[in-house]
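Student: return a 3D structure for these sequence lines:
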Amino acid sequence: MSFSLLPHYQAICNIFATVFLFSGLYFLKRANKARHSQYMITSVSFSTLILVLYLTYHCYDLTFSIQGVRALRFVY
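Tutor: Here you go, the predicted model:
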């Protein structure tokens with residue numbers, strides 16, 4: 001299975017998270033708290049998906065190797 005497309009999916013999710021974040025700010029300024037809450041939850045959901053995609057990509061991408069002190073490689 002190829003994980004090479006995951007960064008592209010991350011970028012798309014990042015765009016959606018940003019749009020929902022600013023839309024939530026817009027509705028907060030308009031005193032529409034219910035819509036603001038919905039948009040913030042959606043934005044956090046997309047941000048969580050970005051984190052999952054990021055961790056998945058870097059967990060399975062074995063082409064990157066860390067050079068240097070063994071203890072630092074473990075921490076990284």
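
Student: use CA for all of it now, contacts and neighbours both
Tutor: Noted.

Student: what stretches of this protein score poorly on pLDDT?
Tutor: The chain contains residues with pLDDT under 70 at 1, 62-76.

Student: what helix or strand is the spatially most central residue of it located in?
Tutor: Centroid-nearest residue in the chain, with C-alpha atoms, centre = their mean: Ile50, separated by 2.3 Å. Per DSSP states H and E: Ile50 is located in helix 33-60.

Student: just how off-centre is that helix within its chain?
Tutor: Relative to the centre of its chain, helix 33-60 is centred 6 Å away, using C-alpha atoms, centre = their mean, to the nearest Å.

Student: from Ser23, how far off is Gln38?
Tutor: Distance, Gln38 to Ser23, by C-alpha to C-alpha, to the nearest Å: 10 Å.

Student: comparing the two, which residue is more hemmed in?
Tutor: Ser23 (17 against 12; other C-alpha atoms under 10 Å).

Student: wait, Phe46 touches Val19, no?
Tutor: No. Counting by C-alpha atoms under 8 Å, Phe46 sits too far from Val19 to count as a contact (10.5 Å).

Student: out of these two, which sits in the busier spot?
Tutor: Under the criterion of other C-alpha under 10 Å, the comparison of Phe46 against Val19 puts Phe46 first, with 21 against 14.
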